[in-house]
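Undergrad: no sequence for this one, just the structure:
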Ligand code: NZQ
Ligand code: ZN
């Protein structure tokens, strides 16, 4: 292990088929007014809305409804939500949905009582909140982002042409999260598989950084192996409870700040993915899938030792008698085979990227000076072109 770090994650998790039974007790810890934030209506069709409303009623809450949080939530929607929270003096924001709804709830929580423009303060200047922070709780319905147990809040601003992630501190993380794997059974296959790749990307983007022998990498490898195993089962049979439960648990640990302890991170695939999401509004996990192989093949030589380790420890590649380069390539070939098996999008053109908008996408990519190689803009364009 190298470096100094602190680890503090205050989110209380309730996991399993009985997890919802804890919602009433949690609600009782907050004041009388709850804003119920949710997306486009899936929770009304699958019964989760009714279960949440019953708990809110039992806890005696006044409910402010806040529907229509879109995938890739926008700053305009955040401003609307912030007004609702402010005007109703909301005591708790209950986010019921996937990463978009939970990210949005965190954004609203730090914006409702903020005197400045929240976009400029938090997503441009990266400042900490210095106003009242409205607590957030969540009921997770879609697995992938880890938003249920982290401070991440990814918001899109189409007016300025950016989709930006911001990681807030423990004061903004959800106070509690209800994780019932069965709630994810109605997620369409395309979304489900996108979530699987999002998890893999979070794992890889923390794995492909640093040079030291690090306990964190062993934890990461275990999570990758569990994900690969269970995703193969779930892609064929989405109703397999054990597989979906394993994946839900893996997703939460993949991005709750454990895996960055003692390590840096890469996160360039996410930056390219966010730029594709900004221009095409494509599903987050699929944007990552479409660029990952060109990206990793591009940077493989800069972090060869870790790509060899990935091949051997994660994919079971036999290294005997092979050059490091060949072993690393075989690891990435195994990754490719798994991606095809679970059915993710392999080409960014399927998401709406083309020669016509490739420069626009490249302009929106934030280039981070971390990972094994800092890309130039030309390299970003090259990777995007290879992803088509
Ligand atoms: O809006 P509804 O009707 O609920 O439908 C949603 C949405 O269309 C649907 N869905 C969710 N649960 C369902 C369901 N449909 C049927 N049954 C259910 N049980 O799924 C669609 C996608 O939902 P969304 O919340 O957008 O998906 P996801 O969880 O992948 O979140 C994506 C957002 O999170 C950000 C992404 O950039 C993107 O904006 N991320 C957040 C991160 C974080 N907080 O740390 C990190 C990630 O890397 C990611 O960037
Ligand atoms: Zn992600």
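TA: Arrived safely. These numbers were taken from a predicted model, which means no experiment stands behind them. Ligands and ions are numbered 1, 2, ... in the order given.

Undergrad: The residue of the stretch 201-350 of the chain at minimum distance from ligand 1: how many residues sit nearby?
TA: Nearest residue of the stretch 201-350 of the chain to ligand 1, counting by Cβ to the nearest ligand atom: residue 284, 3.9 Å away. Just so you know, the C-beta spots here come from the backbone N, C-alpha and C atoms, and that holds for glycine as well. Residue 284: 27 surrounding residues under other Cβ atoms under 10 Å.

Undergrad: Ok, residue 262 next?
TA: Residue 262 - counted by other Cβ under 10 Å - has 17 other residues nearby.

Undergrad: swap in the one 5 residues further on?
TA: Residue neighbour count, defined by other Cβ under 10 Å, stands at 21 for residue 267.

Undergrad: Give me the distance between it and residue 273.
TA: Distance, residue 267 to residue 273, using Cβ to Cβ, to the nearest Å: 10 Å.

Undergrad: buried residues in stretch 303-311?
TA: Neighbour counts over stretch 303-311 (16 or more other Cβ atoms under 10 Å) mark 303, 304, 306, 307, 308, 309, 310, 311 as buried.

Undergrad: Wasn't residue 34 part of a strand?
TA: Yes: using DSSP: H, G, I helix; E, B strand; the rest coil, the assignment for residue 34 is a strand.

Undergrad: Identify the bridge partners of it.
TA: residue 63, residue 92 (DSSP bridges).

Undergrad: For ligand 1, give me its nearest residue in the stretch 101-250 of the chain.
TA: residue 152 (2.4 Å).

Undergrad: check contacts around that residue.
TA: Residue 152 sits next to 103, 106, 145, 146, 165, 166, 167, 168, 255 when contact means Cβ atoms under 8 Å, 6 or more residues apart in numbering.

Undergrad: Tell me, how many residues neighbour the first one?
TA: Put plainly, it is residue 103. 25.

Undergrad: can the strand or helix carrying it be found next to ligand 1?
TA: With secondary structure defined by DSSP states H and E, residue 103 is part of helix 99-111. Yes: Helix 99-111 reaches ligand 1 (Cβ under 6 Å from any ligand atom) through 99, 100, 101, 103.

Undergrad: picking that back up, okay, and which of the contacts of residue 152 map to helices?
TA: Per DSSP state H, helices hold the following members of the contacts of residue 152: 103, 106.

Undergrad: out of the contacts of residue 152, which are buried?
TA: Applying 16+ other Cβ under 10 Å to the contacts of residue 152 flags 103, 106, 145, 146, 166, 167, 168, 255 as buried.

Undergrad: now residue 279, nearest residue through space, not along the chain?
TA: Sequence neighbours aside, residue 361 is the residue nearest to residue 279 in space, at 5.1 Å (criterion: Cβ to Cβ, 6 or more residues apart in numbering).

Undergrad: What about the buried residues of stretch 303-311, which are in helices?
TA: Using DSSP H, the members of these that fall in helices are 304, 306, 307, 308, 309.

Undergrad: close enough to count as contact, the last one and residue 218?
TA: No: using Cβ atoms under 8 Å, residue 309 makes no contact with residue 218, being 10.3 Å away.

Undergrad: Tell me, what's the model's pLDDT at the residue nearest the centre of the chain?
TA: The C-alpha lying nearest the average C-alpha coordinate of the chain belongs to residue 145 (Cα atoms, centre = their mean; 2.2 Å). Residue 145 carries a pLDDT value of 98.

Undergrad: Quick one: neighbours of residue 300, just the number.
TA: 22.
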